[in-house]
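> The following block contains a protein sequence and its predicted model.
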Amino acid sequence: MDAPKTLIIGLGNPILGDDGVGWRVAEEVAKFISDQREVEVDCVSVGGLSLMERMTGFKRVILIDAIYTGQCAEGTVQRSDLSDLPDLTSGHSASAHDTSLRTALKVGRSMNVTLPDDEAVTIIAVEAKNVYDFTQELSAAVAAAVPQAVQSVLDALKN
Amino acid sequence: MQRITIDPITRLEGHGKIEIFLNDEGNVANTYFQIPELRGFERFCIGRPVEEMPLLTNRICGVCPEAHHMAAAKAVDAVYHVDPPAPAKKLRELLYSAFYCTDHTTHFYALGGPDFIMGPDAPVAERNILGVIHKVGLEVGGKVIQMRKYGHTVVEIIGGRKVHPCTSIPGGLTKGITEEQRKQIEEMGRFAIEFAQFSLKAFNDIVLGNKQYVDLILGDIYTHHTYYMGLVDENNKVNFYDGKVRVVDPDGKEFVKYAPKDYADNIAEHVEPWTYLKFPYLKKVGWKGLVDGKDSGIYMATPLSRLNASDGMATPLAQAEYEKFYKTLGGKPVHQRLAIHWARLVELLYAAERWMELATDPEITSPNFHTIPTEKPTEGVGIVEAPRGTLTHHYWTDERGVVTKVNLIVGTTNNYAPITMSIKKAADSLIKKGKVNEGLLNMVEMAFRAYDPCFGCATHSLPGQMPLEITIHAADGERVDVLKQYC
């Protein structure tokens, strides 16, 4: 059997309030597409090199994560490609202890690892509010945005 | 008074910053380093079965979940007053050694190493793992990826899952390993040793072979005379998983050696009004402010601290490197913070050797990997060495084993005071009479990167960058300049 072609990843910390929204959306998406064998869904709490390693073997990836821009209302769902994000990736770090995802992907590709192009990494981001308090609950506006985010992922799957 | 703000980290918003206040002469008066704090973990845990803690705590932090899993596992053993059988302890330590290889590798090649391999003056755009690959060769990238893959694989075999292990329970583990898995782990361990030796050779050739770098390491700018903390075995050799916490004074003499359960007799926490995070210090020395010296209770807990606080490494190749380390740097203890990078590689070799020792231990495939707890749970402390410092977990439960209270002292917290002091020293040397040297950002960045601080919350934010920003305020508080780079 061929490897699944598309990987959907819920990113975040499931016990850190709105940061868990990526997991919640991915779990919902999984219910909709359980019959699609060419799509794989996973939830992880990693970034940078580890996230790149998780993408190994895939040419198309959809990431779902919380974001804080402070520019739009909580619960706003935005879609972008990794290549649309500010190109600051020559720098070190998405954290104090890792590289950025784009740098990690470049490293992987330079090693001939099969990985998606930046343009083939779609990000569905949900504007978050509370990401500093430990709780399994999403704040109301973010929870209300889950169905829309799920739809955005399903739309992204189609194109 | 001038005010300078350095914003080193944004997760999803801009918490965590460095503020530098200048005096009327335009020299540094004070620096304040604020770390973002995640709130409410204790409250989140209360009311849950304590055996869930090894699973819950590895979600505190996206950087070292394995360390939290192990500290929690040991704390939960202690809560249930159960001593896991030797094969269980060895399996946990084997997992932990493999994790160390992954973690130290990532730091050296992705973060700390580029400053030296590319040079501290290289453009920030080149001081990263891609720069290292371009300069040292493609084979390095392949080795780093292979090393990380093997480390993750061992964690998965023993821990049941990659990155976030889930097999530790009160009294041991839920499963052992087969002979086939053991052979696989042994094979990967052989690679880990070769990789660690390769890394030390690269450090030797590129860093120690360059007088400018050696001078930078040995210079005063990153030097502090503090106490040093690390976990040691019964022979006072470095151990990451088990043993007693040993603290040496700035002269390198043993100040105290305590069992994990006695941590609260030895460590206190100082509160400052300008930060949520507390500053741990040695209770029996006392808090004297953010100053070094024998009378100040500030201690450091890093790879360098572990080397300073021990009498050596428990494996032969790492011991030889340990001896070379002190011979080259002028004896024990070493106070220069940039030497942490080298110490980390000595530890990498130790972790790889320990991996091999345990993988070839006759007991490692024993089915005796769990002791069923029989006593009533009460409270317990578990301590391991996280890659970035001594990690303490303390849980209290009711007689059903339901959590009633939690106290954690995490790796980076230990180093909160020393990091703040290093930032101040870098600022002191580069800000004179109101003139800010353009190297300030780099030097501050290098200072805190040496400690490998873990702002555990920061691993998966979007867009996923870590801006370092200095805002300079004039004497009247007005902002006059902004320096910024992405690190």
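On my side now, so go ahead. Computed from a predicted model, the values in this text were never measured in an experiment. Numbers count the residues shown, from 1 in each chain, chains lettered A, B, ... in the order given.

> Then residue A:74 would be within a helix, right?
No: secondary structure of residue A:74, determined by DSSP: H, G, I helix; E, B strand; the rest coil: coil, with no helix assignment.

> for the residue lying closest to it once chain neighbours are set aside, helix, strand, or coil?
Setting aside the residues directly before and after it, residue A:74 is nearest to residue A:141 in space (C-beta to C-beta, 6 or more residues apart in numbering or on different chains), at 4.0 Å. All C-beta spots, glycine's among them, are computed from the backbone N, C-alpha and C. Under the three-state scheme (three-state DSSP), the conformation of residue A:141 reads as helix.

> Repeat that for residue B:183.
Of the three states, residue B:183 takes helix according to three-state DSSP.

> Go ahead and confirm residue B:334 touches residue B:326.
Yes: if you go by C-beta atoms under 8 Å, residue B:334 and residue B:326 touch, sitting 6.9 Å apart.

> which residue packs closest to residue B:448, ignoring adjacent ones?
When the adjacent residues along the chain are set aside, residue B:448 lies closest to residue B:419, with 5.3 Å between them (C-beta to C-beta, 6+ apart).

> pLDDT below threshold where in chain B?
Low-confidence segments of chain B (pLDDT under 70): B:1-17, B:35-39, B:61-63, B:124, B:438, B:454-487.

> center of it - which residue?
Closest residue to the average C-alpha location of chain B: residue B:388 at 0.3 Å, with C-alpha atoms, centre = their mean.

> Tell me the pLDDT of the residue positioned nearest the centre of chain A.
With distances taken as C-alpha atoms, centre = their mean, residue A:63 lies nearest the centre of chain A, 2.2 Å away. According to the prediction, residue A:63 has pLDDT 93.

> what helix or strand does it sit in?
Counting by DSSP states H and E, the secondary-structure element that holds residue A:63 is strand A:60-67.

> Please identify the pairing partners of the very next helix or strand once past that strand and their relative orientation?
Once the chain leaves strand A:60-67, the next helix or strand it forms, by DSSP H and E, is strand A:77-81. According to DSSP bridges, strand A:77-81 forms sheet pairs with strand A:121-127 (antiparallel).

> now the strand it pairs with: how far from the chain's centre is it?
6 Å (C-alpha atoms, centre = their mean, to the nearest Å).

> Give me the residues contacting that strand.
By C-beta atoms under 8 Å, 6 or more residues apart in numbering or on different chains, the list of residues contacting strand A:121-127 from outside reads A:18, A:21-22, A:25, A:55, A:61-69, A:72-83, A:85, A:101, A:105, A:142, A:145-146, A:149, A:152-153, A:156, B:462.

> circling back to that earlier point, thought the residue nearest to residue B:448 was touching residue B:32?
No: in terms of C-beta under 8 Å, residue B:419 does not count as a neighbour of residue B:32; the distance is 11.6 Å.

> okay, the two: which has more neighbours?
The residue with the greater number of neighbours, taking residue B:419 and residue B:32 and applying other C-beta atoms under 10 Å in any protein chain shown, is residue B:419; the counts read 22 against 18.

> Any chance of the backbone angles for that one?
Dihedral angles of residue B:419 (phi, psi; degrees, to the nearest 10) stand at phi -60, psi -40.

> Then residue B:166?
When quoted as degrees, to the nearest 10, the phi and psi of residue B:166 stand at phi -140, psi 20.

> With residue A:130 instead?
Listed backbone geometry of residue A:130 is phi -100, psi 110, with angles given as degrees, to the nearest 10.

> mind listing what the nearest residue to it once chain neighbours are set aside touches?
Here the nearest residue to residue A:130 in space, its sequence neighbours aside, is residue A:17; by C-beta to C-beta, 6+ apart that works out to 4.0 Å. Residue A:17 makes contact with A:128, A:129, A:130, A:131, A:132, A:133, A:134, A:135, A:137, A:138, A:139 under the criterion C-beta under 8 Å, 6+ apart.

> Break chain B down into its domains, please.
Using automatic domain parsing, the domain parsing of chain B gives B:3-36+B:418-438+B:448-486, B:83-221+B:336-371, B:224-335.

> Now do the last one: distance to the chain's middle.
In other words, domain B:224-335. Remark: domain B:224-335 is offset 13 Å from the chain centroid, using C-alpha atoms, centre = their mean.

> Is chain A within reach of that domain?
No: under the criterion of C-beta under 8 Å from any C-beta of the partner chain, chain A is not reached by domain B:224-335; the shortest gap measures 10.0 Å.

> Show the end-to-end separation of that domain, please.
Between the opening and closing residues of domain B:224-335 lies a distance of 6 Å (C-alpha to C-alpha, to the nearest Å).

> And for the longest one?
Distance between the two ends of domain B:83-221+B:336-371: 7 Å, counting by C-alpha to C-alpha.

> so does it get close to chain A?
Yes: applying C-beta under 8 Å from any C-beta, one finds domain B:83-221+B:336-371 in contact with chain A at B:103, B:106-107, B:110-111, B:114, B:124-130, B:133, B:138, B:141-142, B:144-145, B:148-149, B:152, B:163-164.

> I'd like the distance between the closest residue to chain A within the stretch 101-250 of chain B and residue B:141.
Proximity of the stretch 101-250 of chain B to chain A (C-beta to the nearest C-beta) peaks at residue B:125, 3.6 Å away. Residue B:125 is 18 Å from residue B:141, where distance means C-beta to C-beta, to the nearest Å.

> Just want to know which of the two has more residues nearby.
A direct count of neighbours by other C-beta under 10 Å for residue B:125 and residue B:141 places residue B:141 higher, at 22 against 15.
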